[in-house]
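Student: A predicted structure for the sequence below; I have some questions about it.
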Amino acid sequence: MKILITGSKGQLGRELARQLKNRTGMELVMADIDELDITDATAVDETIRRIAPDMVINCAAQTQVDLCEEDRESARNINTKGASNLAEASHRNNAAIIHISTDYVFDGTRKEPYTEDDETNPLNIYGITKLEGEKEVMSGNPRHFVIRTAWLYGDGRNFVGTMLQLAEKGNTIKVVDDQRGSPTSTTELARAIIRLMDTEEYGIYHGTCEGSCTWYEFAQEIFRTAGMDVTLERCTSDEFPQKAVRPKNSVLDNRNFRERLGYRFLSWQEALREYLKGES
């Protein structure tokens, strides 16, 4: 199987490459912005036609939530138009597509975890453009997998690394305690993607580690697992005003992974332990 991975230098792209590179019968083509601008429809079509992949995994996105508010045109070009270009070109060239989306397609007003069938209602430009991208992928290529994930961390800049860096300074760390989600390691998400790509169970999937916490509780667990004595202080989202409104509850229910494939993610605590063990 030949796979084209876009956004290959990001956290998830690097982890997919790590897990897939030694698989028998697997050929990877890695493409980041320097190799392929997904907003250029002609370049996307020519690249996919030349490479002739069996599958495209789209990890490319503008994920800086506040930056999306500042530059809406760029966010829409990457998250919506780019996704559309990849879906249509992959379909024309007989390739399936896996597209990575986000928990931010929901407004966070629900108390229970969101299933794949729940109504979407994004609160910010990032969520809006990612939802538009989902729709473009689904309409552009019937052989699609759309995977919504959340609070991702891996090889790159992320919340876990930021917390560990702040801890080294020895100061009190204030962390938001009124947003709830499911921290998810790229290791776990890549494992699930690989499980999914061997099937033809097309559709929308939620893909996060099991369980949920607030950012404050996540920070607590990071320091507990790392064996660090750090002074943490709870705060509200209002105390850290940001350009983009965040959903208060974006916990996802991985129902389709569970019911269609019998697949379960590790708990977010187990995944964090695995990640920190690998970092030490």
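Tutor: Arrived safely, thanks for sending.
Student: and the closest residue in space to Thr102 that isn't next to it in sequence, how many neighbours?
Tutor: The shortest distance from Thr102 to any non-neighbouring residue, by C-beta to C-beta, 6 or more residues apart in numbering, is to Lys130 (4.9 Å). The C-beta positions use only the backbone N, C-alpha and C, and glycine is treated the same way. Using other C-beta atoms under 10 Å, the number of residues around Lys130 comes to 30.
Student: A helix includes Lys130, no?
Tutor: Yes: Lys130 forms part of a helix when assessed by DSSP: H, G, I helix; E, B strand; the rest coil.
Student: residue boundaries of the helices in this structure?
Tutor: 11-20, 41-51, 65-70, 72-76, 82-92, 125-140, 159-168, 186-197, 215-226, 255-261, 268-279 (DSSP state H).
Student: mind showing which ranges of the stretch 51-200 of the chain have poor pLDDT?
Tutor: Regions of the stretch 51-200 of the chain meeting the criterion pLDDT under 70 are absent.
Student: quick check, Gly13 in contact with Ile3.
Tutor: No: because the distance of 11.2 Å does not satisfy C-beta atoms under 8 Å, Gly13 is recorded as not touching Ile3.
Student: more neighbours, those two?
Tutor: For Gly13 versus Ile3, the count of surrounding residues by other C-beta under 10 Å is larger for Gly13: 26 against 23.
Student: now the more buried one: closest residue in space, sequence neighbours ignored.
Tutor: With C-beta to C-beta, 6+ apart as the criterion, Gly13 has its nearest non-adjacent residue at 4.5 Å, and that residue is Cys59.
Student: from Ile173, how far off is the residue nearest to Ala167 when sequence neighbours are not counted?
Tutor: Of all residues beyond its chain neighbours, the one nearest Ala167 is Val230 (4.7 Å), with distances taken as C-beta to C-beta, 6+ apart. Between Val230 and Ile173 the distance, using C-beta to C-beta, to the nearest Å, works out to 6 Å.
Student: which residues does the residue most central in space within the chain bridge with?
Tutor: The residue at the geometric middle of the chain, judged as the C-alpha nearest the mean C-alpha position with C-alpha atoms, centre = their mean, is Thr149 (4.5 Å). Residues in a beta bridge with Thr149, per DSSP bridges, are Thr102.
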